[in-house]
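[1] model this:
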Amino acid sequence: MTFDEIMTRVKAMAKEYDAAGKDFLAVQVNLTGKNGGVFYVEIKDGKISAEPYEYNDRSCAITMEPANFVKLMDGKLDPVAAYTLGKLKVEGDLGKALEFSKILKK
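    Below is the predicted model of the structure:
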């Protein structure tokens with residue numbers, strides 16, 4: 001799956017997610033390798049957005065290969081197992097990264 005296809009899926013998930021009453025969350029996703037790229041997902045003031053840019057004032061950043069990120073979105077890869085096995089790296093607040101993984105599973 002290309003970066004643009006992943007970005008399209010993430011934006012579609014963001015549209016479906018009900019962020020009302022959710023705390024602020026800003027996660028930068030760094031996808032490595034051939035189909036890599038950078039994007040962020042932000043929950044702010046009850047709204048969620050996803051854009052293909054770096055987010056300097058983020059809660060955390062996660063780094064992984066695009067194929068593993070797709071597995072995470074499809075529910076085929078558990079985020080805790082991915083972190084434990086080194087398939088997912090987190091810089092910053094681990095709790096926010098786990099909260100982000102719940103958004104992807106919805």
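
[2] do you know how far residue 92 is from residue 71?
    22 Å (Cβ to Cβ, to the nearest Å). Every C-beta, even on glycine, is put in place using the N, C-alpha and C of the backbone.

[3] check residue 22 too.
    When residue 22 is compared with residue 71 (using Cβ to Cβ), they lie 25 Å apart.

[4] what helix or strand is the residue lying farthest from the centre of the chain located in?
    What lies farthest from the middle of the chain is residue 21; by Cα atoms, centre = their mean that is 19.4 Å. Residue 21 is part of no helix or strand when elements are defined by DSSP states H and E.

[5] for the protein, which spans come out with low pLDDT?
    106 (pLDDT under 70).

[6] quick one, what contacts the residue nearest to the spatial centre of it?
    In the chain, the residue lying closest to the centroid (Cα atoms, centre = their mean) is residue 29, at 5.3 Å. When contacts are counted by Cβ atoms under 8 Å, 6 or more residues apart in numbering, residue 29 touches 10, 38-41, 61-64, 69.
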